[in-house]
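> prediction below, plus the sequence it came from.
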Amino acid sequence: MFFRRVVTRRGDKEYVYLKLIENYREGAKVKQRVIANFGNIEHLTPEKVHAIIRGRSQAGEAGALLDDFLARDEQDADLSLAALRRAWNRLGLTGFLHEAAGAGDGELHPAAPFLIEAMVLLHILRPKETRPVYTNYRHLGLPELTSWQPTGTDFYRAVTFLAETRAALQNHLFHELCAKRAKPPFLFLLPVQTDFLGHEYEITPAGLSLETKTYRRPLNILLTVFPPDLPVGFQLGNVEQSVTGLADPAGGQEGTRLCLLLEDMDLLARRNLNHEVCYIAALPVDKLTRVPVNADDAWETADTTVDGKYWIKDLVKPDARYIFAYELQEEAAGRDHIAGLLAQAEREFERLKTAVRHRRLVREKTIMARAAEIMDRHSCPDFFRCSFDPVHRTFEYTRLEDIINRHRVLRRTKVLKTSAFGLPARDIVTAHLDGLLLKKALQPVHDLLRIPVMQVQVELHHNERFLTGQLLLYILGEALLRSAAGDGG
């Protein structure tokens, strides 16, 4: 795909147009077709023409000019294309999609299910790719697609077809996983707030050309997770209304109970559902009066551990269980973060001391206000004790090591409240940690097709069916990634 400057003559006048051209194969011949016509550009400066081209490049299409596909970072070198395809087949996705396509209206190409697989694989193996999937899917080398030249429209139809299978796909994945891993006592429901990022054309203020811009649409999702961490489906829409309908304890598939994974208790409190639904919720650790200093000191002894990384204490009360998880080894990033804050604050305190010593600052109120500003600016308001001696005209500061150590420990401590009395504490902590990873993986959801639409037509891409298909591509990618890693490729 490339840009072409086209000059036409009408009488004595010349007209210059900018067009986006695509090569395609028809039998043994290579032909060309116009993908987009940007109109007459003879009135535009070279800078404005370049801006149009750059705008298209941001949407990914002109990026096909630079064949840097193989130079991009891979998601995981250990997860090869062959391993991911084996996991795809173990989940029975090829057969499911072909059966669903066969039951449709016949508009889909017979190889369309492989377009869905190609989009999922590219999303996993090339997460930083900025070009539309239909311009680079051939790098995968899927033999099922070698005899077909699908267009962006074919990929679009595949996405909307996938959306129509949402309920059946969740049911299929549930039964496949039950057959391989046994039926779980719970399915987890994870509320996720994210954004959908797509592309649209916008007419420039002068009305002479088009430029590409990103649009953003907030999404509220209630993700269904098969323990421990495989997403199998979702509901799109008002999460709070969906949660209100979960009072039935056997509301899951085939009698499997449903358990909410929450970041806090606010949602349950707003709906007054604390005693009606099963939940696992995080509590603010800074409210604790006692925190662990190491695995032997806190709450006497540990009940269990998670992969040797977390020490766990399970306290069962009449109304709920309280589970404390303490990370046994502080992450280097967290340790360096606190050390960096302290070092930055101390450098500013030294400058403040110098200013006081040289009488550039003399009023106690001003000096202490500056000290408070320093601590607030570096997010360490309780880490130092500051004082000003009006007799000797000196400013001093002292690190409060006990509070600093407490803060370090709190960063390594998680407190969970749950009504899931039947689940082992280890599984509850694992579900919470995996839920955080799944949320991160869906931030944000990009339009993998990257086909810009006209501003007046943007609702075509905002409809629920298209968004559902895009979300399912992400969910299948996460399920496939975790399945392949869990099965050892």
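It's in.
> so what's V232 up against?
169-170, 173-174, 177, 224-226, 475, 479 (C-beta atoms under 8 Å, 6 or more residues apart in numbering). Quick note: C-beta positions are derived from backbone N, CA and C, even for glycine.
> quick check: neighbours of the helix or strand where it lies in the sheet, parallel or antiparallel?
Using DSSP states H and E, V232 maps to strand 230-236. Applying DSSP bridges, strand 230-236 is found paired with strand 210-226 (antiparallel).
> that's a strand at Q443, yeah?
No - with DSSP: H, G, I helix; E, B strand; the rest coil as the criterion, Q443 is located in coil rather than a strand.
> strands of the stretch 351-489 of the chain, start to end?
Taking DSSP state E, counting those that start in this stretch as the test, the strands found in the stretch 351-489 of the chain are 384-389, 394-399, 413-418, 445-446, 453-454.
> let me see the mean pLDDT of the last one.
To tie it back to what came earlier, the one meant is strand 453-454. Averaged over strand 453-454, pLDDT sits at 64.
> put the alpha carbons of the strand holding V232 into CSV.
In CSV, the C-alpha atoms belonging to strand 230-236 read as follows (Å, rounded to 0.1, in the frame of the first residue of the first chain):
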residue,chain,number,x,y,z
LEU,A,230,-8.9,-17.8,31.7
PRO,A,231,-11.4,-15.2,30.4
VAL,A,232,-14.3,-17.0,28.6
GLY,A,233,-16.8,-14.2,28.1
PHE,A,234,-18.2,-10.9,29.1
GLN,A,235,-21.2,-8.6,29.4
LEU,A,236,-21.0,-5.1,27.9
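> and the contacts of stretch 147-165?
Contacts for stretch 147-165 (C-beta under 8 Å, 6+ apart): 24-25, 96-97, 100-101, 104, 107-109, 111-113, 115-116, 119, 132-134, 137, 169, 449, 451, 464-466, 468-470, 472-473.
> what's the distance between stretch 124-136 and the middle of its chain?
Distance of stretch 124-136 from the chain centroid (C-alpha atoms, centre = their mean, to the nearest Å) equals 16 Å.
> what residues sit buried inside it?
124-126, 129, 131-136 (16 or more other C-beta atoms under 10 Å).
> same thing with stretch 439-456?
Of the residues in stretch 439-456, 439, 441-442, 445-453 count as buried by neighbour count, 16+ other C-beta under 10 Å.
> try stretch 474-489
Of the residues in stretch 474-489, those buried by neighbour count under the rule 16+ other C-beta under 10 Å are 474-485.
> redo the residues you listed as JSON lines? Include distance to E200.
Formatted as JSON lines, the buried residues of stretch 474-489 follow (distance: C-beta to C-beta, whole Å):
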{"residue": "Y474", "distance to E200": "21"}
{"residue": "I475", "distance to E200": "25"}
{"residue": "L476", "distance to E200": "26"}
{"residue": "G477", "distance to E200": "24"}
{"residue": "E478", "distance to E200": "27"}
{"residue": "A479", "distance to E200": "30"}
{"residue": "L480", "distance to E200": "30"}
{"residue": "L481", "distance to E200": "30"}
{"residue": "R482", "distance to E200": "33"}
{"residue": "S483", "distance to E200": "35"}
{"residue": "A484", "distance to E200": "35"}
{"residue": "A485", "distance to E200": "36"}
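> among those residues, name the ones in helices.
When DSSP state H is applied, those are split such that 474-485 fall in helices.
> which residues sit against stretch 346-365?
367, 370-371, 374, 377-378, 384, 386, 388, 390, 393-397, 399.
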